[in-house]
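>>> build me a structure from this.
(2 chains)
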Amino acid sequence: MRQELLELLEDNSRYAIEDLAVMIGVTPEKVEKEIKELEKEKVICGYKTLVNWDHTEKEMVTALIEVKVTPQRGEGFDKIAERIYRFREVKSVYLMSGGFDLTVIIEGKSMQEVALFVGQKLAPLEAVLSTATHFVLKKYKDHGIIFEEPKKDERMIISP
Amino acid sequence: MMENIVSNKVKNIPSSGIRRFFDIVTEMGDAISLGVGEPDFDTPWHIREEGIYSLEKGKTVYTSNAGLKELREEICMYMHRKFDLMYSPQTQTLVTVGGSEGIDLVFRSIIEPGDEVLIPEPSFVSYKPCTVLAGGRPVPIATKVENGFKLTAEELEAHITPKTKALVLSYPNNPTGAIMEREDLEKLANVLRDKDILVISDEIYAELTYGEKHVSIANIEGMYDKTVILSGFSKAYAMTGWRLGYALGPEPLIEAMTKVHQYAIMSAPTTSQYAAIAALKNGDQDVEDMRNSYDQRRRIMREGFLSMGLECFEPLGAFYVFPSIRETGLKSEEFCEKLLYDQKVAVVPGTAFGEGGEGFIRCSYAYSIEEIKTALERIEMFVKKNI
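Alright, predicted model coming up:
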């Protein structure tokens, strides 16, 4: 039940408890209790809405920054990762294998704002060896959802 | 003069109930529909991509009549892997233009004038006309909701005559969603084992069962040599528009069907055949994901009908529910027309699927949860007014 519930919620967190219960084949009370537990255990970490800001008036830029750092004795990468992810502008931080150490995803109002953040906040951190900033030009797909006009159902309205 | 050009045989075939209803719905314009008989998913991208790649490479010529050798081999491996059935890719496999072509081919290959074909109903709409076109006589057997719309041995036995040539078994069933489990099939096999009756097993929905895994009658002792399996890619892989299916069965029958196919069709669409190879090689997870999604919607749909006070037999296969509308006192067609005008929801009257369909409607759940819920709300308003 747990996995099926999580898969459904990951796909659409707005399903009603009653519908989830029917889809999985358990009582609504059970679903509610399970969700509470998943939240408490931090398996479910939050509920958000996927917005395509390109379709709005809001000005926004996203940048992906490759960061090379020196791991700290006794703490590895965690300490430096924390010093980075605590900034409000930072949307995601991942520890990477390969050519660099941390992927840092930043959102800002303008390229200038992002550049300022990298230059004034991120790059000067003692453990940071280098940064490479890549600006996102267009988002085609995010979190498994393709950003395009909704598709029309082209099936014949009645068929055998 | 031209009105006399059409043969009586064709003239006498009644126009399909679905067609009639389709015209009404189309006139209506903005109705929401639970009326389709095909998946709402797009064909998985890796399958489409393989089709595109075959075009890029210039694979644009006919294939051999029976279909690409590699595809036939993949089909046979798939049948073994999924349903524990062994067929020879060389002599027992024919790639067809959808499952539909298989239906037409088999009747044309076996029927002598006057031969009878047993057709349990409600069922898919093609068996009857294809039997008639091939010169045979369709003998419908009305299955019953109290038997879960399964064909029982008694019903089967009661309809067998010396002229019976074939039995159509169409499970998982469109429109009822019924399935036949192993023990149900055993009972039919006991009736059929010592008779010269071909079982035409239309297993197009075999991948879509919820709970019990599909069992083919060809798996039942003594039935392998008496069974031809018709199936295809449309439902399992969401590939309806690619028009690709296959027939598996005894060598002499497949040879005969290949002969008809060779003159009528030449070969199934080449692009589709290349795409189908990718489907069979790497599509198991896609099938699994789609099945899980249908299963969730199936539950929402059935629960919706039960909670508005209509009886709804639990469908264990395909992607249809077949609720009873007797509570409303309306006939199926009347119900569907009124529902359409009153609430702008299109569902298909059970009568479009032959005998035993009166008093039922077919609702497809190959729609998003939101669409299903909106449709259910509207149907509930309509039913409340009429109950």
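>>> neighbours around B:Gly67, how many?
24 (other CB atoms under 10 Å in any protein chain shown). Every C-beta, even on glycine, is put in place using the N, C-alpha and C of the backbone.
>>> test my guess that it contacts B:Ser267.
Yes. In this structure, B:Gly67 is within contact of B:Ser267 by CB atoms under 8 Å, at 6.7 Å.
>>> got the buried residues for stretch A:40-47?
A:Ile44 (16 or more other CB atoms under 10 Å in any protein chain shown).
>>> just checking stretch B:329-348 against chain A, any contact.
Yes. Legend: contact between stretch B:329-348 and chain A by CB under 8 Å from any CB of the partner chain is shown at B:Ala346, B:Val348.
>>> circling back: okay, and the common contacts of B:Gly67 and B:Ser267?
B:Val95 (CB atoms under 8 Å, 6 or more residues apart in numbering or on different chains).
>>> spatially central residue in chain A, please.
What sits nearest the mean C-alpha location of chain A, by CA atoms, centre = their mean, is A:Ser92, with 6.3 Å.
>>> secondary structure class for that one?
strand (DSSP: H, G, I helix; E, B strand; the rest coil).
>>> quick check, it in contact with A:Glu107.
No. The criterion here is CB under 8 Å, and A:Ser92 misses it with A:Glu107 at 9.7 Å.
>>> report all helices and strands that the host helix or strand of A:Leu5 contacts.
Assigned by DSSP states H and E, A:Leu5 belongs to helix A:2-11. The contact analysis (3 or more CB pairs under 8 Å, 6 or more residues apart in numbering or on different chains; DSSP states H and E) places helix A:2-11 against helix A:17-24, helix A:28-40.
>>> can you give me the strands in chain A?
A:61-69, A:90-95, A:102-108, A:128-135, A:141-142, A:145-146 (DSSP state E).
>>> mind checking which of those strands is nearest chain B?
Among those, strand A:145-146 comes nearest to chain B, with 10.8 Å by CB to the nearest CB.
>>> show me how far the closest one is from its chain's centre.
A distance of 14 Å separates the centroid of the chain from that of strand A:145-146, by CA atoms, centre = their mean, to the nearest Å.
>>> ok, stretch B:331-345 next?
25 Å.
>>> ok, and what's touching it?
B:17, B:21, B:24-25, B:28, B:30-34, B:325, B:328, B:330, B:346-351, B:357-361, B:375, B:378-379, B:381-382, B:385-386.
>>> now it: buried residues?
B:Lys331, B:Ser332, B:Glu333, B:Phe335, B:Cys336, B:Glu337, B:Leu339, B:Leu340, B:Gln343, B:Lys344, B:Val345.
>>> and what of stretch B:239-250?
For stretch B:239-250, using 16+ other CB under 10 Å, the buried residues are B:Met239, B:Thr240, B:Trp242, B:Arg243, B:Leu244, B:Gly245, B:Tyr246, B:Ala247, B:Leu248, B:Gly249, B:Pro250.
>>> if I pick B:Val168, what's in contact with it?
B:Val117, B:Leu118, B:Ile119, B:Pro120, B:Ser123, B:Tyr127, B:Ile200, B:Asp202.
>>> which among those residues gets closest to chain A?
B:Ser123 (10.2 Å).
>>> what's the distance between B:Phe17 and B:Ala66?
Residue B:17: Gly, not Phe. 35 Å (CB to CB, to the nearest Å).
>>> those two - which one has more neighbours?
B:Ala66 (26 against 21).
>>> so that one belongs to a helix, correct?
No. Under three-state DSSP, B:Ala66 sits outside any helix and is assigned coil.
>>> could I get the contacting residues of it?
B:Arg72, B:Thr93, B:Leu94, B:Val95, B:Thr258, B:His261.
>>> any idea how far it lies from B:Pro14?
34 Å.
>>> repeat for B:Thr351
Counting by CB to CB - B:Thr351 and B:Pro14 are separated by 12 Å.
>>> these two: who's more crowded?
Shown here are B:Thr351 and B:Pro14; by other CB under 10 Å, B:Thr351 has more neighbours (20 against 9).
>>> surely B:His80 is in a helix?
Yes. With three-state DSSP as the criterion, B:His80 is part of a helix.
>>> that one - nearest residue in space that isn't next to it in sequence?
B:Met86 (5.9 Å; CB to CB, 6 or more residues apart in numbering or on different chains).
>>> same deal with B:Glu181?
B:Glu212 (5.7 Å).
>>> average pLDDT for the host helix or strand of B:Pro138?
In this assignment (DSSP H and E), B:Pro138 forms part of strand B:137-142. Here strand B:137-142 scores 98 as its mean pLDDT.
>>> show me what that strand is packed up against.
strand B:116-121, helix B:127-133, helix B:153-159.
>>> check which residues of that strand are buried.
So, applying 16+ other CB under 10 Å, buried residues of strand B:137-142: B:Pro138, B:Val139, B:Pro140, B:Ile141.
>>> measure the second one to B:Ser293 for me?
Taking CB to CB as the criterion, B:Val139 is separated from B:Ser293 by 38 Å.
>>> likewise A:Glu113?
For A:Glu113, the distance to B:Ser293 - CB to CB - is 42 Å.
>>> so these two - more neighbours on which side?
A direct count of neighbours by other CB under 10 Å for A:Glu113 and B:Ser293 places B:Ser293 higher, at 22 against 17.
>>> tell me which element that one falls in.
helix B:284-307.
>>> and that helix, what does it pack onto?
Using 3+ CB pairs under 8 Å, 6+ apart, helix B:284-307 sits against helix A:17-24, strand B:320-321, helix B:369-386.
>>> lowest average confidence, helix or strand, in chain B?
helix B:17-28 (a mean of 83; mean pLDDT, DSSP states H and E).
>>> flag the shaky bits of the chain, pLDDT-wise.
No chain specified, so I'll use chain A. Counting by pLDDT under 70, chain A shows no low-confidence range.
>>> oops, I was thinking of chain B
B:1.
>>> show me where it has helices.
Along chain B, counting by DSSP state H, helices occupy B:8-11, B:17-28, B:45-56, B:69-83, B:98-110, B:127-133, B:153-159, B:182-192, B:251-264, B:270-282, B:284-307, B:332-343, B:369-386.
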